[in-house]
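Visitor: okay, here's the prediction I keep looking at, along with the sequence it came from:
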Amino acid sequence: MIFNTLDKKEFEIVELLRFFAAFAVMCVHIPSIGYGHLGVDLFFIISGFVMMYSTEHNHSNFFLKRIIRIVPLYWMATFILFIFAFFFPSFLLTTSANFIHLIKSLFFIPFEKGGEHAPILTLGWTLNLEMYFYLLFAISLTINKKLRGVICSFLIFILFIYFHSSDGFYKIAYGNSIVLEFILGILAYQLIVKKEFISLENLFYLTLIVMPAILKLLSFPMISDLLLNKFSARVYSEGLPLFVLFIVLLWMFREIKIGNIFILLGGASYSLYLLHVYVIFFIQRVLIDKFNIFSMNMIVILFIMIVCVLMSILSYLLFEKPITRYLRNKLPN
């Protein structure tokens, strides 16, 4: 879900799409809405697409650039929440000042909290998968830059099968078929940028996406089991429809200039995605529950949305953008 701003104007639409993805996830956590989880799937597809795009001509320091883009805001937000949990433990619902959880959260190591894959910063579970993807992509770049998409997709698929067939906690993390949506993003790059509509490489990507369903059908004849299993069905029920929509939108609006405000919102999408849960929680817990200033209605929902977006823009302009520029300037040429 985290990537560089695209240089070419014909793909400005991606900036708008990643803002919509973050906005959709925000809506999941707003009381009375509770829908928009497809934003995560869209983020993963966008990640696969942009990692291919951004490394086409320059892939130096790839993994370091990804760390610089993700870590500063995530670490700052995690530390703040941990300190808050340490001094005001009764205020938070599920987060506690657990030092082991802190270390694992900071270094993107999945762990179980309340039966779920949930780091200290709740939405950090997606960053665990993003970093997992970036690591595999960096390995693939090192092996062969031209075949980076094929190698990375193969690694994702093999590890997905391995973790999905295991019985441990990592089945929840890396055995969720949402990781296959990175492959859909890679395929989208082949179709839109490379304009390779019929090729053995694209057939390979499609085979990797379809193969888990085939393997499951061979092992379990009941189709309903396939459809109801949340770990193996998400790529089919959410990923594939969004992949088609992503392709259509990129093709239709590839030369549309969306305006600087939407580019700004796209840039602020990481802050919106990462911080909105706690902005919403604060508004609900303090202003609504404790002081009973608001009741949950359309005006309050609109207020929450505006506050979340404004906070994300401030975070992006005052923290994300300056520190990312500073750290990138320190990278070796």
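Guide: Great, that's in hand. Computed from a predicted model, the values in this text were never measured in an experiment.

Visitor: going by C-alpha atoms from here, please, whenever you check contacts or count neighbours.
Guide: Fine.

Visitor: per-residue pLDDT of Q190, please?
Guide: The model reports Q190 with a pLDDT of 92.

Visitor: for L245, that is, sorry about that
Guide: For L245, pLDDT reads 94.

Visitor: got the contact list for the helix or strand harbouring it?
Guide: Per DSSP states H and E, L245 falls inside helix 240-252. With CA atoms under 8 Å, 6 or more residues apart in numbering as the test, helix 240-252 has contacts from F11, I13, V14, D41, L42, I45, L184, G185, A188, I192.

Visitor: save the residues you listed as a markdown table, and put in distance to R285 and neighbour count too.
Guide: Output for those, formatted as a markdown table (distance: CA to CA, whole Å; neighbours: other CA atoms under 10 Å):
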| residue | distance to R285 | neighbour count |
| --- | --- | --- |
| F11 | 40 | 20 |
| I13 | 36 | 24 |
| V14 | 34 | 23 |
| D41 | 29 | 25 |
| L42 | 30 | 27 |
| I45 | 34 | 29 |
| L184 | 39 | 28 |
| G185 | 38 | 27 |
| A188 | 41 | 27 |
| I192 | 45 | 16 |
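
Visitor: in a markdown table, list these along with secondary structure and distance to K65.
Guide: Below are the contacts of helix 240-252 laid out as a markdown table (DSSP: H, G, I helix; E, B strand; the rest coil; distance: CA to CA, whole Å):
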| residue | secondary structure | distance to K65 |
| --- | --- | --- |
| F11 | helix | 21 |
| I13 | helix | 23 |
| V14 | helix | 19 |
| D41 | helix | 23 |
| L42 | helix | 22 |
| I45 | helix | 19 |
| L184 | helix | 23 |
| G185 | helix | 19 |
| A188 | helix | 23 |
| I192 | helix | 24 |
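
Visitor: okay if I get the residues you listed as JSON lines plus distance to S60?
Guide: Putting the contacts of helix 240-252 into JSON lines (distance: CA to CA, whole Å) gives the following:
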{"residue": "F11", "distance to S60": "22"}
{"residue": "I13", "distance to S60": "26"}
{"residue": "V14", "distance to S60": "23"}
{"residue": "D41", "distance to S60": "28"}
{"residue": "L42", "distance to S60": "26"}
{"residue": "I45", "distance to S60": "23"}
{"residue": "L184", "distance to S60": "24"}
{"residue": "G185", "distance to S60": "21"}
{"residue": "A188", "distance to S60": "23"}
{"residue": "I192", "distance to S60": "24"}
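
Visitor: so, low pLDDT: which residues of this structure?
Guide: 1-10, 93-94, 215-232, 289-296, 333 (pLDDT under 70).

Visitor: any chance you could map the strands in it?
Guide: Using DSSP state E, the strands assigned to the chain run over residues 112-113, 116-117.

Visitor: packed most tightly, which of these would that be?
Guide: strand 116-117 (a mean of 16; mean count of other CA atoms under 10 Å).

Visitor: what's the closest of the strands of the chain to L331?
Guide: Among those, strand 116-117 comes nearest to L331, with 32.9 Å by CA to CA.

Visitor: about what we covered before: in the helix holding L245, what counts as buried?
Guide: Neighbour-count burial for helix 240-252 flags L240, L242, F243, F246, I247, L250, W251 (criterion: 16 or more other CA atoms under 10 Å).

Visitor: mind giving me the packing neighbours of the biggest helix by length in the chain?
Guide: Assignment by DSSP state H gives helix 62-87 as the longest helix of the chain. In terms of contacts (3 or more CA pairs under 8 Å, 6 or more residues apart in numbering; DSSP states H and E), helix 62-87 is packed against helix 99-106, helix 124-143, helix 269-282, helix 321-329.

Visitor: let me know how buried the residue lying closest to F204 once chain neighbours are set aside is, in neighbour terms.
Guide: In space, and not counting its chain neighbours, F204 is closest to V150: 7.8 Å by CA to CA, 6 or more residues apart in numbering. Using other CA atoms under 10 Å, V150 has 20 other residues around it.

Visitor: over to S153?
Guide: Here the count is done by other CA under 10 Å, and S153 has 29 residues near it.

Visitor: now it. Nearest residue, chain neighbours left out?
Guide: In space, S153 is closest to I183, 5.6 Å off (CA to CA, 6+ apart).

Visitor: ok, which of the helices and strands packed on helix 62-87 comes nearest F79?
Guide: For the helices and strands packed on helix 62-87, the distance to F79 is smallest for helix 99-106, at 8.1 Å, taking CA to CA.

Visitor: show me where the stretch 151-300 of the chain has helices.
Guide: Chain-ordered helices for the stretch 151-300 of the chain, with DSSP state H, counting those that start in this stretch as the definition, fall at 170-173, 181-192, 200-219, 223-228, 230-234, 240-252, 260-267, 269-282, 298-315.

Visitor: most tightly packed of these?
Guide: helix 181-192 (a mean of 25).

Visitor: and that one, C-alpha only, in PDB?
Guide: Only the C-alpha atoms of helix 181-192 are listed here, as PDB (Å, rounded to 0.1, in the frame of the first residue of the first chain):
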ATOM      1  CA  GLU A 181      -3.100  -9.900  -4.500                       C
ATOM      2  CA  PHE A 182       0.400  -8.500  -4.900                       C
ATOM      3  CA  ILE A 183       0.600 -10.900  -7.900                       C
ATOM      4  CA  LEU A 184      -2.500  -9.300  -9.300                       C
ATOM      5  CA  GLY A 185      -0.700  -5.900  -9.100                       C
ATOM      6  CA  ILE A 186       2.300  -7.300 -11.000                       C
ATOM      7  CA  LEU A 187      -0.100  -8.600 -13.600                       C
ATOM      8  CA  ALA A 188      -1.800  -5.200 -13.900                       C
ATOM      9  CA  TYR A 189       1.600  -3.700 -14.600                       C
ATOM     10  CA  GLN A 190       2.200  -6.200 -17.400                       C
ATOM     11  CA  LEU A 191      -1.200  -5.400 -19.000                       C
ATOM     12  CA  ILE A 192      -1.200  -1.600 -18.600                       C
END
